[in-house]
Structures are given as structure tokens and as C-alpha cells.
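> One predicted model, sequence on top.
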Amino acid sequence: METFAADLNTMVRTPLNDGHVAALHRVGRRVHFKAGDWIQKAGDRFDEFHYLLDGEMEAVNPTTGQRYGNATLGPGQYVGELAFLTGGKTFMGMRAVQDTELLCVPRDDMLKLMSDIPEMSDIIISVFAARRRRMVDNSEGGLTLIGGEVDRDVRRIASFASRNRIPFVEVEIESDEGTALANQCSLNRTSPAVVFGKHQVIDPPTPRGVAATLGLDMALRKEDVYDVAIVGGGPAGVAAGVYAGAEGLCAVVLEDLAIGGQAGTSSRIENYMGFPTGISGGDLVGRGEIQAMKFGTRFAMPVRATELMQCEKHLFHIKLDNDDWVSAKALIVATGVQYRRLPLERLEELEGSGVYYAATDVEARYCKDTEVAVVGGGNSAGQAAMFLARTARHVHVLVRGESLASSMSDYLLQRLESHPRITIHLCTQIKELHGEDRLDAITVRDRRGAQDWKLNTKAVFIMAGAAPNTKWLSDLVELDDHGFVKTGSEVGASSGYETSRPGVFAVGDVRAGSVKRVASAVGEGSVVMSAVWAHIADD
């Protein structure tokens, strides 16, 4: 199955050529470091591109203080990974092994060069992405989560980090490693915690706290006006970000949890053109994110849009849940849909402690060798069941309807029906959740026989229903009876994706009448940009 980047251990690396290095010299400066000098420390912001002219450097793991891996960097190599594109902070320190000379290029100048010289950009970005993949695969990057096995807030951070391809390691709270780290950071050894490096305790231990520590929470200045603001980082929103950047527009993508949106919860997509061996939804959209950043599109997360207004200058102003405002000449609504909450007592209380809305590696670890239930009859539910069946003892798929033929792709349905560790239960629904501070079992109602049965399970994955995320639009655009955004001729708009409010466009699952598929969302996010460009040009 494809991933978001190449394997650094096997990829064939292309060095920068003489023309590329000459371009670096024109905007950079030579800096000398003595053996043992720090070139950058973990947690420093990426504000320069470092190209090695002479000498030797080593990456330093912030948790151990020792060299990361066995290799060092020599002349012709360069420092950095994907965080450089976002202006984030470094996961690893970098230290001179011997007297070293670097060519240091300011980040903004380097991004301009990468935009002007695409061949150089392709080389650098391929290496940056492969380095991030290695850190993720090896769970090395200085972020340590303590107590995920007992604390749902730590589990949420694990899900946030995993879905955003942030490297982290999990440590059990009562393990020797957990005790040692607690003592090292002066923590209560029985309390869950999140630590970066050796000593930096992230407080509060939330996705937003992690984002701030790693520099993912891009500073949004109220005085900045973007050409286009894209709300939602799913397939439609990221595709719009790619094409906005490619067209030279100043664009920002706002996402409240993870790049990938609901598609990011799909563990394996096999019917997307160009990926015959399949790719996860998160990796597919992650590739798009890298493309968008290459073209200069900016990403900010986790931030949630809470309110929309338009001023007398016809600018759109989006209020965020951190009380920041983002202003833009045009707005693309790509907030998609979210799985509906089932009308069950104590559901919210058990969310993150046995009730989940995504099936990724993180959630799969919490229910290994156990019975699990997946609620839903669409492709996402089917993909989740197949993924969980790799490690779960048995997967029960609970479907309200009498058939899956109309809601699930045939190839996927056949796989579910033939899998020895998957059972499909038609005409069933959850009646009750059981457990104190975490889920222990569920009661299932079989509507055909009017009988209840109990399933001892520690994990339920809810992937049913689709509620659009449109409350934040503040009644500025017309919605249909189900809350989806109306567009095109239905509201008298000239573009098929423009809403009843000129300058506001809707793409992907949030748009009324759209085909709820990843490929369709990508297509809409790409095509809408011509209408956005025309609107901006007319202002």
C-alpha cells in the first residue's frame, strides 16, 4: 500500500546540482561552526535552510541526547524535514561533529527559490517527506505520551498526532520508562502527561498544546487579508489549497483536527485512481498538503470556525474558537460532514474511552485481541472493519438497514462477507452502553427478532450518518432542509459551486447534491478555483 512519502532507507537521492547551489549562494551566507557546536536545538523554529559545504553534522534525538540513527550529514546534504515548509519547529537537534561550514538561507528566500526552481523543490521536498516518514515509522521525534492506556485526553492527542503524521512514542504510566520520565520532569508518577524532549511538559496536554509546542498553530494576524480562506482540510479543502497556490493566490487552509478530514479516518482506499495497491485517506490527503505547501498555501490547525460575517468592504471575516479572526476576499466552505452521535446515554462520557469515530493505528492498538463493533453501512465502515480485523479477535458490523448492496462498494462487501473474523449483523442497532470510566460492553437490539443481545467489547467505532458542519456560517448562505449548502442554479449563482452569497463557494460533502466520494471532493476542490479567481479579479 502506498504512503505519503518514500522510504528514506531505499530511496535514490538526487543531489542538488551546481546551478541549484549557485542560487543558494546568491541569497545565503556562509557560517562556520566548531566541532560540538549546536546548529539548531530541538524546538527551535525553522527560520533558515542549512546546506552543508564542508565538514560533518549529526541529528540529535531530544529524548536521549544521542545521535539519531547511525548516519551523519556530509558536504552536499542539507538539514530539514516537512516542518520547514510550514515554518514549524524542529523535532531533532543538529550538532557539528567536526569543524563545519554551512550555507544558511533565510526561510522566506528559500521558499521563493523553491517556487522559482521546481526541479530543486522536487528534490528537497522528496527528502523532507522521507525524513518525516522515517521519524513516524520509528516513533522518534521527541514527543512522548504517558498514560494513554488510562486517559482519554492522551488518546486524543495520540489520534491528533497520528493523523497529522507527527512522530510520537507512547509509554505506559506504570512502566519503568514512565516512572523514570515522571521523575525526570518532576511529574506526579500516577498522572498522565505529554512531554517533548527530556524536560518540556506540555501544559495543557491537548492537541492545541501540542500544536503550539511544535509550531503548527500558525500565527494568524487580524490585519492580514488572504485572497481566499479555505475552511476544512479534507480532500476538497486541500485540493482547493493546491490549486489556489498553483494559481498564485495567497491562501490559508483552516482545519479543526487533522488534515484529511473524515477521509483521514479511512485506513485503506482502493478505488482511487492512480493507487492500485491502495492508500489510506490520511496519506492521500497528506500528499496533497505537501503539494499545497510547495505552492505557498498556508495551513493552520487545530482551529475551528465558529462564526462568519461580511463587512462593508465585502471582505469575509471568520471567527475562530481561539478568538482569532481570519479575513479573506473569497471563502471556500469545505467543512464536510461528521458522523452523527447516536442517541445513547453516556455516549459523550465514553467518547475516547471505548467509543471512537476513526479507525487508525492508534485506536487499533487499544482494542488488540478483543471483540469490537463497527456501526455503519458505508465504505468507511467497511474499510474500518477490514482494518480492525487484522488485530482484533472478531469484528461485528452493525447495520440498521436490511442490506449493504446500495451503500457499500461491491468489492468491499464481498471481502467483508468472506472474512473469517468479520460478522455482518443486519437490522441491528446499539441500545445501551455499559462500563464505568471506560466501555466494557454494549447491548444490541435485533429489530427483526425484537431481541436484545450483549456483546462484551472495549471498542465501538461509529461511522453512521452524515451531519454537515455548517452552523458557523451564521445564516449568511442558504442551506437545504438537512443543513447542506445550496449552490449553483438552485440559488441563482453563475458558478456551480458558488452559494447564495457572492464570493462564498462550497465544495465536497458539505455541498448539497454532491457525490459523497473522495475523488469527487478532490475534483470539486480543484475546479472551483476558476470561479474563485474570477470573483477576486472582479473586486
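Looks like it arrived, so ask away.
> Please enumerate the helices of the protein.
In the chain, the segments counted as helices under DSSP state H are 18-27, 83-86, 107-116, 118-138, 152-163, 176-184, 207-214, 235-246, 281-294, 347-350, 361-366, 379-388, 410-418, 518-538.
> and residue 524, what does it touch?
By C-beta atoms under 8 Å, 6 or more residues apart in numbering, the residues touching residue 524 are 236, 239, 497, 507, 508, 511, 514. In this view, the C-beta of every residue, glycine as well, is placed from N, C-alpha and C.
> which one of the helices of the chain is the most hemmed in?
Among these, helix 235-246 has the highest mean neighbour count (mean count of other C-beta atoms under 10 Å), at a mean of 28.
> and that helix, what other elements does it pack with?
strand 225-231, strand 251-254, helix 281-294, helix 518-538 (3 or more C-beta pairs under 8 Å, 6 or more residues apart in numbering; DSSP states H and E).
> Distance of residue 138 relative to residue 44?
Relative to residue 44, residue 138 is positioned 21 Å away (C-beta to C-beta, to the nearest Å).
> what does residue 408 give?
48 Å.
> Which one's more surrounded, the two?
The residue with more neighbours, out of residue 408 and residue 44, is residue 408; 23 against 15, by other C-beta atoms under 10 Å.
> follow-up on the earlier one: identify, from the contacts of residue 524, the entry nearest to residue 133.
Nearest to residue 133 among the contacts of residue 524: residue 239, at 22.0 Å, using C-beta to C-beta.
> shouldn't the closest one be in contact with residue 526?
Yes. With contact defined as C-beta atoms under 8 Å, residue 239 and residue 526 form a contacting pair (4.9 Å).
> Could you give the number of residues near the closest residue to residue 378 other than its chain neighbours?
Leaving aside its chain neighbours, residue 378 sits nearest to residue 407 (5.3 Å; criterion: C-beta to C-beta, 6 or more residues apart in numbering). Neighbour count of residue 407, defined by other C-beta under 10 Å: 15.
> Report pLDDT for residue 407.
Per-residue confidence (pLDDT) for residue 407: 87.
> Would you enumerate the residues in contact with it?
Residue 407 neighbours (C-beta under 8 Å, 6+ apart): 377, 378, 401.
> Start from the N-terminal end of the stretch 1-150 of the chain and give the strands.
29-33, 38-40, 48-54, 57-60, 93-96, 100-106, 143-146 (DSSP state E, counting those that start in this stretch).
> hang on, the earlier thing: and the helices of the chain: which comes nearest residue 70?
Between residue 70 and the helices of the chain, the tightest spacing by C-beta to C-beta is seen for helix 118-138, at 12.4 Å.
> what's the offset of that closest one from the middle of its chain?
Here helix 118-138 is found 17 Å from its chain centre; the criterion is C-alpha atoms, centre = their mean, to the nearest Å.
> by contact count, what packs against that helix?
Using 3+ C-beta pairs under 8 Å, 6+ apart: helix 118-138 touches helix 18-27, helix 83-86, helix 107-116, helix 281-294.
> Isn't residue 169 up against residue 139?
Yes. Contact status for residue 169 versus residue 139: in contact at 4.4 Å, counting by C-beta under 8 Å.
> The two: which has the busier surroundings?
Counting neighbours by other C-beta under 10 Å for residue 169 and for residue 139 shows that residue 169 has the greater number, 15 against 12.
> confidence score at that one?
92.
> Could you give the bridge partners of it?
Residue 169 forms beta bridges with residue 144, as assigned by DSSP bridges.
> Would you tell me which of the helices and strands packed on helix 118-138 gets closest to residue 452?
helix 281-294 (34.4 Å).
> so how far is the closest one off the chain centroid?
9 Å.
> Just the CA trace of that helix, in CSV.
In CSV, the C-alpha atoms belonging to helix 281-294 read as follows (Å, rounded to 0.1, in the frame of the first residue of the first chain):
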residue,chain,number,x,y,z
GLY,A,281,-7.2,8.6,3.3
GLY,A,282,-4.8,10.4,5.6
ASP,A,283,-1.8,9.6,3.4
LEU,A,284,-3.6,10.6,0.2
VAL,A,285,-4.6,14.0,1.6
GLY,A,286,-1.2,14.3,3.3
ARG,A,287,0.4,14.2,-0.2
GLY,A,288,-1.9,17.0,-1.3
GLU,A,289,-0.9,19.0,1.8
ILE,A,290,2.7,18.8,0.8
GLN,A,291,1.8,19.9,-2.7
ALA,A,292,-0.1,22.8,-1.4
MET,A,293,2.7,23.9,0.9
LYS,A,294,5.1,23.7,-2.0
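> out of the helices and strands packed on helix 118-138, nearest to residue 324?
Proximity of these to residue 324 was assessed by C-beta to C-beta; the nearest stretch is helix 83-86, lying at 17.1 Å.
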